[in-house]
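[1] Sequence plus predicted model, see below.
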Amino acid sequence: MNLEFNKNEDIAKQSLSEMRRRLDKIYEGGGKKASEKQKEKNKLTPRERIAYLIDSDKPFIEIGAFAGYEMYAEQGGCPAGGTVAGVGYVSGRQCVILANDQTVKAGAWFPITGKKNLRLQEIAMENHLPVIYLVDSAGVFLPMQDEIFPDKEHFGRIFRNNARMSGMGVTQIAAVMGPCVAGGAYLPIMSDETLMVEGNGSIYLAGPYLVKAAIGEDIDNETLGGAVTHTEISGIADYKFKTEQECMDHIKKMFSMLGEKPKAGFDRVKAKAPAKNVEELYGLFPQDGKPYDIVDVIERIVDDSEFEQFKEDYGKTIVCGYGRVDGWAIGIVANQRKIVKSKKGEMQMGGVIYNDSADKAARFILNCNQKKIPLVFLQDVTGFMVGSRSEHSGIIKDGAKMVNAVANSVVPKITIVVGNSYGAGNYAMCGKAYDPRFIYAWPSAKIAVMGGDAAAKVLLQIEVASLKAKGEVITPENEKKLLDEIKGRYDKQTSPYYAAARLWVDAIIDPADTRKVISEGINAANGNPEIAELKTGVFQV
């Protein structure tokens, strides 16, 4: 291995170490004292509950671990958005699991909590995955109620989705292991079946204090809405259990009895490991923006390192082709970052989408839809080519053609942001706005309207012009200081942590786990047999 490879590998492993350090802090939830209080009540933490519930021999893909990261500092933070969630297996059935974290502000819902729960429900609906809710929440975080309660994508949307999923035949099981208060009380009751843990689980529209204030009635928590009340008097809950473990054992039993449903029928054969070492991804991928061959990356992701390129000698700044991941047939659309020569002999910059590349990608995406082959997008894009030559050649028309194909694609799409994700390139390469079934980022990802250097210079020009208009004198030293401040602020906003905190991506992953998340994503998508007819509408050819 050469010096450049070793340098890339060192940087990648440092990035992974930093990611794991941040995750370890997030995994502490609301802190040691809050976790100890759970134990005193014979309650498990949400991560302990999920670990007990899932099949240990199958993958669990956590979604939104970085949700809320470095947000809500004035409120004391909201690790993992106050909810631990992901896609895993229970009794061999792939499913979505959502667990409130009582250690974070008593499991109260922040704005990002609502967004995260809605994202998990979206995953369940798109892929027809059964859902398990592990409920332990004090309801809406009142100081921020205006940002979580009334709007379309706020708290109430959760219950609307409960109803819609029920109508779709998506199984929903709710286990109430702690408080379930006010509007939140509808979630377990709108699920198919409700389980409660005696002594800790409670469901009511108003707690004892509010009941006293509202109607003057004195009543304790258990009598008002405990497990005995709701299984023996109101009939709201279906089962009660002495311990959380007994409750989750029953969920496992219920899931073992779920009947098989029709599949989408995506092709899968016996899996083969890549012939080329997956660990070499760390050294092959440069995090300093230098050119590299994306095919080298693909060959360490696909089965047996076999990748068949589509139109290999045309539109070379986008690589398209067919391969398999864990046995699943896939079509790959990836940005090529090495400098290439066009059909006319012109040198083209890597990571930039040119006319011919957009044209090729659009055609390939339509072919995958025709063959019912899921699509995987590997993003490392700086945008579309600009300048008179591109404009006169119709770059907007060709770019629109590619965006149209991505937007109207009906096969499942999975996006991995490996490097840059800038401007309209983000859209064309199936960014979050284009409904990928799952979207992940490597620690090397950068997501923004443009690169930090270019954006900082534009913002600097605006700032300097504004200061000069006010009569201020700008020295070269002041200008440099201002540029550094702007760039630092902008770079922070382009980091994968900033994106993951806001759920622009579902998770930040180790590059070596790319095969796993693609395979699990297609397995999930295969559970929904409903694939719409492809209609592209009108676009210029």
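    Arrived safely.
[2] my guess is A206 contacts A185, does it?
    No - at 9.4 Å, A206 and A185 do not qualify as touching, with contact defined as C-beta atoms under 8 Å. C-betas here are computed from N, CA, C, even on glycine.
[3] Which one of the two is surrounded by more residues?
    Per other C-beta atoms under 10 Å, whichever of A206 and A185 has more neighbours is A185, with 22 against 16.
[4] what residues are up against the more buried one?
    I203, Y204, L205, G225 (C-beta atoms under 8 Å, 6 or more residues apart in numbering).
[5] tell me which helix or strand of this structure sits lowest on mean pLDDT?
    Across the helices and strands of the chain, mean confidence by mean pLDDT, DSSP states H and E is lowest for helix 452-469: a mean of 74.
[6] Tell me which other helices or strands it touches.
    With contacts taken as 3 or more C-beta pairs under 8 Å, 6 or more residues apart in numbering; DSSP states H and E, helix 452-469 sits against helix 476-494.
[7] In the helix it packs on, which residues are buried?
    L482, L483, I486, K487, Y490, D491, T494 (16 or more other C-beta atoms under 10 Å).
[8] Could you check how far it is from the centre of its chain?
    For helix 476-494, the separation from the chain centroid amounts to 30 Å (computed by C-alpha atoms, centre = their mean, to the nearest Å).
[9] Show the subsequent helix or strand relative to that helix.
    Reading on from helix 476-494 to the C-terminus, the next helix or strand found by DSSP states H and E is helix 496-501.
[10] Over that following helix, what's the mean pLDDT, rounded is fine.
    For helix 496-501, mean pLDDT rounds to 96.
[11] So N335 sits against Q379, correct?
    Yes - between N335 and Q379 there is a contact at 6.4 Å, judged by C-beta under 8 Å.
[12] thought V135 was touching I189?
    No - with contact defined as C-beta under 8 Å, V135 does not count as touching I189 (10.8 Å).
[13] of the two, who's got more company?
    When neighbours are counted by other C-beta under 10 Å, V135 and I189 differ, and V135 comes out ahead with 26 against 17.
[14] Which elements pack onto the helix or strand encompassing that one?
    With elements taken from DSSP H and E, the one containing V135 is strand 131-137. Under the contact definition 3+ C-beta pairs under 8 Å, 6+ apart, strand 131-137 sits against helix 46-53, strand 93-100, helix 111-127, strand 172-181, helix 186-189.
[15] With respect to D359, which of these lies nearest?
    helix 111-127 (29.2 Å; C-beta to C-beta).
[16] residues contacting R363?
    Contact partners of R363, counting by C-beta under 8 Å, 6+ apart, are K311.
[17] Please confirm that it is located within a helix.
    Yes - read with DSSP: H, G, I helix; E, B strand; the rest coil, R363 is one of the residues of a helix.
[18] Can you read off the pLDDT for it?
    Among the per-residue scores, R363 holds a pLDDT of 96.
[19] I219 versus that one, what's the distance?
    The gap separating R363 from I219 is 68 Å, by C-beta to C-beta, to the nearest Å.
[20] just H230 next, same as before
    H230 is 14 Å from I219, where distance means C-beta to C-beta.
[21] between those two, who's got more neighbours?
    Between H230 and I219, H230 has the larger neighbour count (other C-beta under 10 Å), namely 23 against 14.
[22] these two touch, right, the more buried one and A237?
    Yes - taking C-beta under 8 Å as the definition, H230 is a contact partner of A237 at 3.9 Å.
[23] ok, back up a step: take the buried residues of helix 476-494 and write them to JSON lines, including distance to A532.
    Formatted as JSON lines, the entries for these read as follows, by distance: C-beta to C-beta, whole Å:
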{"residue": "L482", "distance to A532": "51"}
{"residue": "L483", "distance to A532": "49"}
{"residue": "I486", "distance to A532": "45"}
{"residue": "K487", "distance to A532": "44"}
{"residue": "Y490", "distance to A532": "39"}
{"residue": "D491", "distance to A532": "40"}
{"residue": "T494", "distance to A532": "34"}
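[24] Surely A501 is in contact with A65?
    No - taking contacts as C-beta under 8 Å, A501 lies outside contact range of A65: 10.2 Å.
[25] in the stretch 151-300 of the chain, which spans are helices?
    With DSSP state H, counting those that start in this stretch as the criterion, the stretch 151-300 of the chain has helices at 156-168, 186-189, 208-215, 221-225, 227-228, 244-256, 281-284, 294-298.
[26] And Y427, how far from I395?
    14 Å.
[27] Surely Y89 is in a strand?
    Yes - the secondary structure assignment for Y89 places it in a strand, going by three-state DSSP.
[28] what sits against it?
    Contacts of Y89 (C-beta under 8 Å, 6+ apart): I54, D55, K58, P59, F60, C95.
[29] For those residues, pick the one with the most neighbours.
    Most neighbours among these, by other C-beta under 10 Å: C95, with 26 neighbours.
[30] On the strand side of things, show who that one bridges to.
    Here C95 sits in beta bridges with G88, as judged by DSSP bridges.
[31] so what pLDDT did it get?
    Turning to C95, the model gives it a pLDDT of 98.
[32] Likewise for F141?
    F141 is assigned a predicted lDDT (pLDDT) of 82.
[33] Distance-wise, check the spatially closest residue to it that is not a sequence neighbour relative to G178.
    Residue nearest to F141 in three dimensions, not counting chain neighbours: A108, with 4.0 Å by C-beta to C-beta, 6 or more residues apart in numbering. In this structure, A108 and G178 are 12 Å apart, going by C-beta to C-beta.
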